[in-house]
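*Asks:* All I have is the shape, not the residue letters:
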């Protein structure tokens with residue numbers, strides 16, 4: 001039977017893997033590159049709709065995955081004897097929780113502004129000045145999203161290292 005520490009590590013690895021690799025995929029190979037200047041000829045309104053779709057899909061499950069990673073790694077650190085591995089798990093835990101705070105501090109204003117633009121665009125077409133503002137905000141959003149990916153990588157590395165260093169989970 002796996003120990004509580006092992007179960008926490010597995011949970012942390014699964015949730016951090018989902019968070020990290022889904023964010024990398026969406027940011028570099030999915031919807032988000034289609035919103036970037038010079039990457040596509042899509043009209044600004046369609047880029048905004050793509051961003052809104054990405055936001056609606058991820059606004060609940062990404063924070064949940066990140067907090068689950070942080071909580072799981074906290075539990076794993078609690079069950080790990082003092083030393084470098086415990087410190088690494090603690091750093092991974094802090095990175096998991098930091099995602100939500102970072103989003104609230106740096107991205108909430110941009111998210112709300114882009115969502116307001118989506119609503120306004122559904123009523124009337126955007127003027128050129130509004131289009132430039134939306135493109136600027138999308139560029140800013142992408143730039144501010146990169147540290148969140150780094151936080152996910154830190155959490156994933158901590159969970160992976162913890163699992164590999166903890167020895168076999170199931171013993172026969």
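*Replies:* Received the coordinates, thanks. Not measured: the values here are computed from a predicted model.
*Asks:* The helix ranked longest in the chain packs against which elements?
*Replies:* In the chain, with assignment by DSSP state H, the single longest helix is helix 128-165. Contact analysis of helix 128-165 by 3 or more C-beta pairs under 8 Å, 6 or more residues apart in numbering; DSSP states H and E lists helix 4-28, helix 44-58, helix 61-79, helix 84-102, helix 108-123 as its packing neighbours. The C-beta positions use only the backbone N, C-alpha and C, and glycine is treated the same way.
*Asks:* can you list the weak-confidence ranges in the protein?
*Replies:* The model of the chain has pLDDT under 70 over residues 168-172.
*Asks:* Count the neighbours of the nearest residue to residue 33 once chain neighbours are set aside for me.
*Replies:* Once flanking residues are discounted, residue 33 sits nearest to residue 39: 5.1 Å by C-beta to C-beta, 6 or more residues apart in numbering. By other C-beta atoms under 10 Å, the residues close to residue 39 number 11.
*Asks:* Could you measure from residue 39 over to residue 31?
*Replies:* 11 Å (C-beta to C-beta, to the nearest Å).
*Asks:* With residue 50 instead?
*Replies:* 5 Å.
*Asks:* just residue 84 next, same as before
*Replies:* For residue 84, the distance to residue 31 - C-beta to C-beta - is 39 Å.
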